[in-house]
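Novice: Build me a model from this:
(chains A and B)
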Amino acid sequence: MATSKPSIPKGTRDFGPVQSAKRSYIIDTIRKSFIKYGFSQIETPAMEQLSVLTGKYGDEGDQLLFKILNSGDYLKKTSEQDYQAGSGALLPKIAEKGLRYDLTVPFARFVVQNQNDITFPFKRFQIQPVWRADRPQKGRYREFYQCDADIVGSDSLWNEAELTLMLHEVYANLQYDGFVLKINHRELLMEMARFIGLAGKEMPFCVTIDKLDKIGEEKVNEELIALGADETKLQDVVGLFHSTASASDKVDAFEKLIGKNRGTEEVQQYFEFLSAHSSTPLKVELDLSLARGLSYYTGIIFEVKATDVKIGSITGGGRYDNLTGVFGLKGISGVGISFGLDRIYDVLEEKGLFPDHLTKSVDLLIAHLDEDCFKHGLSLLQKLRSSGIQVEIYPDQAKLKKQFNYADKKAIPHVLVIGTEEIEKQQYGVKNMVSGEQASYTIEQLIQLLS
RNA sequence: GUGGUUGUAGCUCAGCUGGUUAGAGCGCCUGAUUGUGGUUCAGGAGGUCGUCGGUUCGAACCCGAUCUUCCACCCCA
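Specialist: Sure, this is the predicted structure:
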């Protein structure tokens, strides 16, 4: 067989020992908070039936789905006419499965299938990779992890508030405070669109104002007027976007201009919950121009942005009514958030926020001078391990220089050297690799030292 | 999916309008130190210049295709 240079698919990555340790640190931190707040873990398959996935993410989303070619003779069910009819007609005959695009839709499927075993409200978390056939960029990959926490079967706005508190705890534990949590409400967006005369064109309105910080106010105004917006009313709405007032004042201003509705009431209630329950200051901001994930969110929407790293949003979420409706289970409302592990990684890396101890492997390396010393080392190894000390022995006969070098590269803080003299005296030279100091210990003293 | 961009040693990058034998720093290996890493010194290994094809007397350099990287659009974690 001809040799070829190995490679991995576009937008995917290998993770070495250091990267994996850092990723585990983030995952463990997030999971700790998920569990503390009462969420239970589930896992679902990497692949789903294509019928479960398609149509849930809009036309754009369907294009970004990875499809899995049927096994065996995948052309068996096709005919010449299917081929002539194009890829859209051919696809369902050659592919029945696809890789999951997010964790929310598989979760909805899970809830419907297991509805009799689930106690509602159901709080689940899920930390698994998802796949999108997007064109990769920095912070945008074709395989990436989502860390989702959702509460389904409860309409209470306390859930939104609790997710907000949990999110703050996660970032506090990661020692990152350069973020801001922006929230908005689907209903407020709809009302604003109707107010400026864009009834029936709510979606284009949202897509446009979402680009506010990207293309600027002037262009946004131009586009909205082109859509048919009333210019003077548009100015009033733009005034709301500009407001630096407190969330509650912003809602008041909104109600004065456009009127009360479900959105204003829910946002007001959400902020009341927060102020009643938080001792530390929260980084929550009502941003009336925030418009995201509108293909399924129906209430409050969330987005966490890194303010000091150019990477886009690092956490997103919102309230969706009738999540499970498409799978035949009505009346189940939910709210959830999704942490973007890979982007959080990039942020922590850029800000130098990973703790140093992540790369440390064991506390002690046993080095030895010859075969007999190695064998003696094995007995020490066992004693030390049974005392709970993290220790390894250099497996080959090698110069001490090489063994010390190994300890240095692996950032092992202590090296114990065994020679014939040490075996006789039952006293071992132990070098502290950080200070460079060396002293002699019995095995019991050493256990004391390292415990 | 549309338009652009990148690829040279393990890593970060030089390499003139196409010209002989493609370089540097760091890292790696060996020795100075036959019982001691991280510092210092001396030596050494390592490249079909992303891949395939074309133009040319001659290609890392020009052209085409393809893969990859990054960027903008779209969308999103």
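
Novice: Could you use CA atoms for every contact and neighbour count after this?
Specialist: Noted.

Novice: I'd like to know how far residue A:302 sits from residue A:186.
Specialist: Separation of residue A:302 from residue A:186 (Cα to Cα, to the nearest Å) stands at 11 Å.

Novice: In terms of neighbours, single out the busier of these two.
Specialist: Between residue A:302 and residue A:186, residue A:302 has the larger neighbour count (other Cα atoms under 10 Å), namely 30 against 23.

Novice: which bits of the stretch 301-450 of chain A sit near RNA strand B?
Specialist: A:303-304, A:312-317, A:338-340, A:342-343, A:369, A:399-402, A:404-406, A:408-409, A:417-422, A:429, A:431-437 (Cα under 7 Å from any atom of the strand).

Novice: switch to 6 Å and redo it
Specialist: Within the stretch 301-450 of chain A, the residues that sit near RNA strand B (Cα under 6 Å from any atom of the strand) are A:312-316, A:338-340, A:342-343, A:400-401, A:404-405, A:408, A:417-421, A:429, A:431, A:433-436.

Novice: Return the subset of those residues lying in helices.
Specialist: A:342-343, A:400-401, A:404-405, A:408, A:420-421 (DSSP state H).

Novice: which of those lies closest to residue A:451?
Specialist: Among those, residue A:408 lies closest to residue A:451 (Cα to Cα), at 21.2 Å.

Novice: how many neighbours does that closest one have?
Specialist: Residues near residue A:408, counting by other Cα under 10 Å: 15.

Novice: Without its sequence neighbours, what residue ends up closest to it?
Specialist: Leaving aside its chain neighbours, residue A:408 sits nearest to residue A:433 (7.3 Å; criterion: Cα to Cα, 6 or more residues apart in numbering).

Novice: does that neighbour really touch residue A:414, like I thought?
Specialist: Yes - look at residue A:433 against residue A:414 with Cα atoms under 8 Å: they come within range, at 5.6 Å.

Novice: and residue A:339, how many neighbours?
Specialist: Residue A:339 has 23 nearby residues by other Cα under 10 Å.

Novice: partners of it in the sheet?
Specialist: On the basis of DSSP bridges, residue A:339 is bridged to residue A:147, residue A:315.

Novice: List the contacts of it.
Specialist: Residue A:339 makes contact with A:146-148, A:314-316 under the criterion Cα atoms under 8 Å, 6 or more residues apart in numbering.

Novice: Neighbour-wise, which one of the residues you listed leads?
Specialist: Busiest of these [other Cα under 10 Å] is residue A:148, holding 26 neighbours.

Novice: Who are the contact partners of it?
Specialist: A:103-104, A:125-127, A:336-339.

Novice: In the residues you listed, find the pair that's most separated.
Specialist: The widest separation within those (Cα to Cα) is 13.3 Å, between A:127 and A:336.

Novice: hmm, back to that, make JSON lines out of the ones in helices among the residues of the stretch 301-450 of chain A next to RNA strand B and add distance to residue A:17.
Specialist: What follows is those, written out as JSON lines (distance: Cα to Cα, whole Å):
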{"residue": "A:342", "distance to residue A:17": "16"}
{"residue": "A:343", "distance to residue A:17": "19"}
{"residue": "A:400", "distance to residue A:17": "25"}
{"residue": "A:401", "distance to residue A:17": "24"}
{"residue": "A:404", "distance to residue A:17": "20"}
{"residue": "A:405", "distance to residue A:17": "18"}
{"residue": "A:408", "distance to residue A:17": "16"}
{"residue": "A:420", "distance to residue A:17": "35"}
{"residue": "A:421", "distance to residue A:17": "37"}
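
Novice: Just the buried subset of the residues you listed, please.
Specialist: A:342-343, A:404 (16 or more other Cα atoms under 10 Å).

Novice: RNA strand B: which of those residues is nearest?
Specialist: RNA strand B has its nearest neighbour among these in residue A:404, at 3.9 Å by Cα to the nearest atom of the strand.

Novice: tell me which element residue A:182 is part of?
Specialist: Taking DSSP states H and E as the criterion, residue A:182 maps to strand A:179-185.

Novice: ok, now which ones touch the nearest residue to residue A:153 once chain neighbours are set aside?
Specialist: Distances taken as Cα to Cα, 6+ apart place residue A:121 nearest to residue A:153, at 4.6 Å, with adjacent residues excluded. Residue A:121 sits next to A:151-154 when contact means Cα under 8 Å, 6+ apart.

Novice: how much space between the residue in the stretch 151-300 of chain A that RNA strand B sits nearest to and residue A:299?
Specialist: Residue nearest to RNA strand B within the stretch 151-300 of chain A: residue A:293 (4.2 Å; Cα to the nearest atom of the strand). Distance of residue A:293 to residue A:299, given as Cα to Cα: 11 Å.

Novice: more neighbours, these two?
Specialist: Between residue A:293 and residue A:299, counted using other Cα under 10 Å, residue A:299 has the larger neighbour count: 23 against 15.

Novice: mind listing what the closest residue to residue A:434 other than its chain neighbours touches?
Specialist: In space, and not counting its chain neighbours, residue A:434 is closest to residue A:413: 6.3 Å by Cα to Cα, 6+ apart. Counting by Cα under 8 Å, 6+ apart, residue A:413 makes contact with A:362-364, A:407, A:432-434.

Novice: Buried ones among the residues you listed?
Specialist: A:362-364, A:407, A:432-433.

Novice: pLDDT below threshold where in chain A?
Specialist: For chain A, the stretches with pLDDT under 70 are A:1-5, A:294.

Novice: Kindly report the domain assignment for it.
Specialist: By the assignment in automatic domain parsing, chain A contains the domains A:17-44+A:101-351, A:360-450.

Novice: Which of these has the highest mean neighbour count?
Specialist: Most buried of these, by mean neighbour count (mean count of other Cα atoms under 10 Å): domain A:17-44+A:101-351, with a mean of 18.

Novice: where does residue A:348 sit relative to residue A:27, distance-wise?
Specialist: Counting by Cα to Cα, the gap from residue A:348 to residue A:27 is 13 Å.

Novice: how far is stretch A:230-249 from where the chain is centred?
Specialist: Taking Cα atoms, centre = their mean, to the nearest Å, one finds stretch A:230-249 lying 33 Å from the centre of the chain it belongs to.

Novice: oh, I was asking about stretch A:159-166
Specialist: Offset of stretch A:159-166 from its chain centre (Cα atoms, centre = their mean): 16 Å.

Novice: Cool, thanks, signing off.
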